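>>> need the 3D shape of this:
(chains A and B)
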Protein chains: 2
Amino acid sequence: MNVIKDPRELRKIISDFKKNRKTIAFVPTMGYLHAGHISLMQKAKVKCDILVVSIFVNPAQFNDPQDLINYPIDTEGDLAKCQSEDVDIVFLPTKEDLYPDGIPTIKIEIPSLMNVLCGSARPGHFEGILIVLSRLFHFVQPDIAVFGKKDYQQYKVVDRLVKDLAFPIEIIGSDTLRETDGLAMSSRNARLSEKEREAAILIPRTINLAKKLLDEGERDIKNFKEILQDVLASSSLLRVDYLELVDPESLQPLEKIETTMLLALAVFSGNVRLIDNTLLEI
Amino acid sequence: MNVIKDPRELRKIISDFKKNRKTIAFVPTMGYLHAGHISLMQKAKVKCDILVVSIFVNPAQFNDPQDLINYPIDTEGDLAKCQSEDVDIVFLPTKEDLYPDGIPTIKIEIPSLMNVLCGSARPGHFEGILIVLSRLFHFVQPDIAVFGKKDYQQYKVVDRLVKDLAFPIEIIGSDTLRETDGLAMSSRNARLSEKEREAAILIPRTINLAKKLLDEGERDIKNFKEILQDVLASSSLLRVDYLELVDPESLQPLEKIETTMLLALAVFSGNVRLIDNTLLEI
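The predicted model follows:
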């Protein structure tokens, strides 16, 4: 396993692989790797010759400076996990390696997909993601890149970036991995206190209840959302940032129950913001 | 010479060249090729193994629909010129080939470089250029791309796009070629009537006068600009869109005479909008 800091060195190595007709798979991460990341790596590994994983906590996508400071880091543990997954290259740049001239002033926006859900709750978040991923894609030059659907909006936004600008990359979405009690795996879970972790269980329970309500015939979207919100409100540790039913392709909010819907939610447990989503089909 | 319409076919051919360790040079054009384009091709040709020229009148960058309709086209003549310049691949997509899903809704902006000069005079112009070039760069995947400095702002905007998003491409600027009487070469010159062509001579004369005035010691920027504008106003066929002195790097307007300045101007001769610029150094 090759651990590389310098983007120019990475580019040279990748270019040599390509000249030798190797295909490249890429899993971009912010580190503090868990089983969810591992599943992305495994999905990527079988599709290409060379697996590149990047670990970079991207300051450009944090709208809240405190959230950036609190973001968990465990580089040693991450590298050990990459090693056991047979990762070929870990790209581990510093902020100065990745942004030698500071965070670029270019603005990339996909208004219809970004002005909703986490995009409206976290101004600048997706703009920062689009810049870092454009840079990473141009350094790694992968044939495929794998993204977790836990960050469903990110997955759709990146997929649109790639299609609109014709990046020669196939974007693959991978299903959310969950703890045994149903909580979606996330690096942020490490920041939950015992009580906050307990309260967070209401998030997957809300998702399960949503499925049950639809199965039982609930068709009033206002009632439906109110019942779900009431479940989350039952814990004083939780604060709902948003709970939305949106079209899974356009991400636009729905005004009535449709046959295919995405339930997307962002909930603070204590100070930790957790997101989750599920596809609902009638 | 290989003439290719289909972006997927182009990508495959380029990918094969790369596997055979060939380097790729790219000259994007809107066709109606003249000696200025030829000089870009010659500059590109000597730097790489394979020369790709694209010919595509990009609807996304025309803010004025009439201007798009009037844009001159001569595909047969263009292909003959490419053939004589030993171009390896001409990429000649239709609008449907390049934008199969319509013009993308993604927005790319570099506010500081785009809100001035042609950017403020032609809303949406550079946004359209950034989208088409991002797509073209991802299809052609060149090592270098050559741009004429007649479109100086475009050259700077593209250079910034490539740096900010880390495209693995070197952008090379090439000096403006001029007719014997000094008029900058442009496909739009073909649309000038005899009288408009005659009046247009005042544009290079204004540029020459600017150099002379500085040599003679003019240091009052207001006087300086007024004298230049008066020259252009002396023809009733000309209408100045803008005449600006800007910093050559930031493109921000200057408030006093500096040791290095870019004089940039856009002037209508009849209905034809012509641009020109020069670097002024004291």
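>>> now do A:Asn63, the pLDDT please.
Listed pLDDT for A:Asn63 reads 89.
>>> any regions of the stretch 1-150 of chain A where pLDDT drops low?
Within the stretch 1-150 of chain A, no stretch has pLDDT under 70.
>>> name the residues of it found near chain B, please.
Contact residues (C-beta under 8 Å from any C-beta of the partner chain) of the stretch 1-150 of chain A with chain B: A:7, A:11, A:18-19, A:21, A:101, A:104-112, A:131, A:134-135, A:138-139, A:141. Every C-beta, even on glycine, is put in place using the N, C-alpha and C of the backbone.
>>> swap in 6 Å and give it another go.
A:19, A:21, A:104, A:106-110, A:134-135, A:138 (C-beta under 6 Å from any C-beta of the partner chain).
>>> from those, which would you call buried?
For the residues of the stretch 1-150 of chain A next to chain B, a neighbour count by 16 or more other C-beta atoms under 10 Å in any protein chain shown gives the buried set as A:104, A:106-110, A:134-135, A:138.
>>> among the residues you listed, which lie within strands?
The strands, defined by DSSP state E, take in A:107-109 from those.
>>> which among these gets closest to A:Ala199?
A:Glu109 (34.8 Å; C-beta to C-beta).
>>> how close does that closest one get to A:His37?
Per C-beta to C-beta, to the nearest Å, A:Glu109 is found 28 Å from A:His37.
>>> for A:Arg205, same thing?
The gap separating A:Arg205 from A:His37 is 25 Å, by C-beta to C-beta.
>>> more crowded one of those two?
Neighbour count, other C-beta atoms under 10 Å in any protein chain shown: between A:Arg205 and A:His37, A:His37 has more, with 26 against 17.
>>> count of neighbours near the residue lying closest to that one once chain neighbours are set aside?
Using C-beta to C-beta, 6 or more residues apart in numbering or on different chains and skipping residues adjacent in sequence, the residue nearest A:His37 is A:Thr29, 5.5 Å away. A:Thr29: 21 surrounding residues under other C-beta under 10 Å.
>>> hmm, A:Ile38 and A:Thr29 touching each other?
No - between A:Thr29 and A:Ile38 there is no contact under C-beta atoms under 6 Å: 10.4 Å.
>>> hmm, who's touching the particular helix or strand that has A:Gln66 in it?
According to DSSP states H and E, A:Gln66 maps onto helix A:65-70. Counting by C-beta atoms under 6 Å, 6 or more residues apart in numbering or on different chains, helix A:65-70 makes contact with A:59, A:62, all of which sit outside it.
>>> repeat the analysis, applying 10 Å as the threshold.
Helix A:65-70 is contacted from outside by A:57-62, A:64, A:122, A:188, A:191, A:271-273, using C-beta atoms under 10 Å, 6 or more residues apart in numbering or on different chains.
>>> can you tell me the element A:Asp159 falls in?
Applying DSSP H and E, one finds A:Asp159 within helix A:152-164.
>>> now the angle from the lengthiest helix in chain A to helix A:152-164?
Identified as the longest helix of chain A according to DSSP state H is helix A:125-140. Between helix A:125-140 and helix A:152-164, the angle comes out at 50 degrees (axes from the mean of the first three to the mean of the last three C-alpha atoms, to 10 degrees).
>>> distance from helix A:125-140 to the middle of the chain?
Relative to the mean C-alpha coordinate of its chain, helix A:125-140 is positioned 13 Å out (C-alpha atoms, centre = their mean, to the nearest Å).
>>> next SSE downstream of it?
strand A:144-148.
>>> between that following strand and helix A:125-140, how big is the angle?
Per the same axes, to 10 degrees, the angle that strand A:144-148 makes with helix A:125-140 is 150 degrees.
>>> who does strand A:144-148 touch, helix- and strand-wise?
Strand A:144-148 sits against strand A:24-29, helix A:35-45, helix A:125-140, helix A:152-164, strand A:170-174, with contacts defined as 3 or more C-beta pairs under 10 Å, 6 or more residues apart in numbering or on different chains; DSSP states H and E.
>>> which of the residues in the fourth one are buried?
Buried residues in helix A:152-164, counted by 16+ other C-beta under 10 Å: A:152-162, A:164.
>>> average pLDDT for that helix, rounded please.
Rounded mean pLDDT across helix A:152-164 is 98.
>>> pull the distance from it to the chain's centre.
Chain-centre distance of helix A:152-164: 11 Å, with C-alpha atoms, centre = their mean.
>>> what about the helix holding A:Gln66, distance to the chain center?
Centre-to-centre, helix A:65-70 and its host chain are 17 Å apart (C-alpha atoms, centre = their mean).
>>> what's the following helix or strand after that helix?
Going down the chain from helix A:65-70, the next helix or strand is helix A:75-84, by DSSP H and E.
>>> show the subsequent helix or strand relative to that next one.
Sequence order places strand A:89-91 as the next helix or strand after helix A:75-84, per DSSP H and E.
>>> which one of the buried residues of helix A:152-164 is nearest chain B?
Comparing those against chain B with C-beta to the nearest C-beta picks out A:Asp164 as the nearest, at 3.6 Å.
>>> and that closest one, how far from B:Ile89?
Distance from A:Asp164 to B:Ile89, by C-beta to C-beta: 24 Å.
>>> residues of the stretch 151-282 of chain A that sit close to chain B?
By the rule C-beta under 10 Å from any C-beta of the partner chain, the part of the stretch 151-282 of chain A lying against chain B is A:157, A:160-169.
>>> now for the residues you listed: which two are most distant?
Based on C-beta to C-beta, the longest span within those runs between A:Val157 and A:Pro168 and measures 18.5 Å.
>>> so how far is A:Ile144 from A:Ile24?
Distance from A:Ile24 to A:Ile144, counting by C-beta to C-beta: 8 Å.
>>> just A:Ser186 next, same as before
Plainly put, A:Ser186 is 23 Å away from A:Ile144 if you go by C-beta to C-beta.
>>> those two: which is more packed in?
Remark: of A:Ser186 and A:Ile144, A:Ser186 carries more neighbours, 24 against 17, as counted by other C-beta under 10 Å.
>>> check contacts around the more buried one.
By C-beta under 10 Å, 6+ apart, the residues touching A:Ser186 are A:32, A:34, A:36, A:148, A:150-151, A:176-177, A:179, A:192, A:200, A:272-276.
>>> go through those residues and name the one nearest chain B.
Nearest to chain B among the contacts of A:Ser186 is A:Asp151, at 18.9 Å by C-beta to the nearest C-beta.
>>> for the stretch 151-282 of chain A, which segments count as helices?
Taking DSSP state H, counting those that start in this stretch as the criterion, the stretch 151-282 of chain A carries its helices at A:152-164, A:194-200, A:202-215, A:221-233.
>>> picking up where we left off before, just put the helices and strands packed on strand A:144-148 in a markdown table and tack on distance to A:Ala233.
Listed next are the helices and strands packed on strand A:144-148 as a markdown table, based on distance: least, C-beta to C-beta, whole Å:
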| stretch | distance to A:Ala233 |
| --- | --- |
| strand A:24-29 | 33 |
| helix A:35-45 | 27 |
| helix A:125-140 | 25 |
| helix A:152-164 | 23 |
| strand A:170-174 | 31 |
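>>> quick one, which of these gets closest to A:Leu262.
Among the helices and strands packed on strand A:144-148, helix A:152-164 comes nearest to A:Leu262, with 6.6 Å by C-beta to C-beta.
>>> I'd like the distance between A:Ile171 and B:Phe224.
As defined by C-beta to C-beta, A:Ile171 lies at a distance of 53 Å from B:Phe224.
>>> who has more neighbours, those two?
Counted by other C-beta under 10 Å, A:Ile171 and B:Phe224 do not tie: B:Phe224 has more neighbours, with 21 against 18.
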